[in-house]
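Chemist: sequence? don't have it. structure:
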């Protein structure tokens with residue numbers, strides 16, 4: 001595995017037999033926890049983290065097997081990921097002297113994990129902010145072409161999927177294009193944060209493919225969990241074309257993906273009594289937290305207001 005630069009922020013917290021990289025700021029109020037999407041890491045959400053940490057205690061962390069946390073076999077089950085987060089929060093609670101309710105901010109696959117955590121541990125969650133989240137019903141909202149390709153991939157064994165990811169070598173031009181894209185999207189980040197993120201994404205690009213290679217199995221696990229608890233929930237929907245996705249699909253197909261995702265997000269928001277959807281026409285799926293950190297912070301502020309009034 002290619003060596004990374006040192007993490008620019010954070011400290012290691014031992015959970016079980018692994019160390020997780022955690023960056024925490026603040027000691028007051030409900031704890032806000034960012035759950036990265038597949039292929040992303042905690043520092044990718046830096047601007048949103050800074051806005052949120054002005055409102056309450058805030059945590060960025062890397063799941064085991066991702067970012068600067070210790071390695072773990074990928075892909076993992078939804079229970080493994082949410083058990084790990086539960087144990088991490090307990091460890092941090094021990095340091096701070098008591099349990100604190102958490103507001104989970106989950107992006108893409110991290111949004112699926114956020115919902116799964118809330119279903120399994122409803123007493124630990126006070127609110128949810130979901131950024132274009134994964135969901136068990138996602139296949140029903142996919143364009144037929146993508147659904148067919150995903151079904152074919154799901155029919156392969158997990159080992160075959162892993163072998164295919166391990167053997168694929170992206171063209172140098174693709175990695176260069178992604179490096180330039182991350183440099184553009186994270187231009188406002190502190191140089192140490194931006195450079196570390198680019199270093200990670202150009203060296204550990206396989207991680208996201210591996211982590212999401214069991215997507216259909218994860219959807220089945222999400223579906224088997226209890227319903228979402230009755231907590232305040234906001235879903236942010238990004239409607240702009242994604243520059244990263246343009247490397248892999250046409251704009252027309254991507255627009256079909258966005259349209260289906262928007263319908264699904266509206267369904268998720270309507271599935272709980274205190275749910276709401278907010279549409280961001282100028283944000284893209286991959287970079288919505290960087291492009292509209294203000295909207296993320298505003299949604300967090302509104303959710304915190306609901307929590308403190310309860």
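Modeler: Noted; the coordinates are in hand. All of these numbers come straight from a predicted model, not from anything done at the bench.
Chemist: Residues in contact with stretch 276-286: which ones?
Modeler: Contact with stretch 276-286 is made by 37, 108, 132, 233-245, 258, 261-262, 265-266, 268-269, 288, 291-292, 295, 299, as judged by C-beta atoms under 8 Å, 6 or more residues apart in numbering. All C-beta spots, glycine's among them, are computed from the backbone N, C-alpha and C.
Chemist: So which of these sit within strands?
Modeler: Among the contacts of stretch 276-286, the members falling in strands (DSSP state E) are 233, 234, 235, 236, 237, 238, 239, 240.
Chemist: So how do I select the buried members of the contacts of stretch 276-286 in PyMOL?
Modeler: To isolate in PyMOL the members of the contacts of stretch 276-286 that are buried, counting by 16 or more other C-beta atoms under 10 Å, one can use:
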select buried, resi 37+108+132+233+234+235+236+237+238+239+240+242+243+244+245+258+261+262+265+266+268+269+288+291+292+295+299
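Chemist: one step back: from the ones in strands among the contacts of stretch 276-286, which single one is nearest residue 48?
Modeler: residue 236 (10.6 Å; C-beta to C-beta).
Chemist: Just confirm the closest one contacts residue 294, I think it does.
Modeler: No - if you go by C-beta atoms under 8 Å, residue 236 and residue 294 don't touch, sitting 11.5 Å apart.
Chemist: Give the residue spans of the stretch 101-250 of the chain that score low on pLDDT.
Modeler: In the predicted model of the stretch 101-250 of the chain, residues 147-168 satisfy pLDDT under 70.
Chemist: Leaving out chain neighbours, which residue sits closest to residue 221?
Modeler: Using C-beta to C-beta, 6 or more residues apart in numbering and skipping the chain neighbours, the partner closest in space to residue 221 is residue 78 (4.2 Å).
Chemist: Equivalent analysis for residue 231, please.
Modeler: Distances taken as C-beta to C-beta, 6+ apart place residue 127 nearest to residue 231, at 5.3 Å, with adjacent residues excluded.
Chemist: now the closest residue to residue 284 other than its chain neighbours: how far from residue 203?
Modeler: Spatially, and ignoring its direct neighbours in sequence, residue 284 is nearest to residue 242 (4.1 Å; C-beta to C-beta, 6+ apart). Distance check for residue 242 against residue 203: by C-beta to C-beta, to the nearest Å, it reads 22 Å.
Chemist: Also residue 186?
Modeler: 16 Å.
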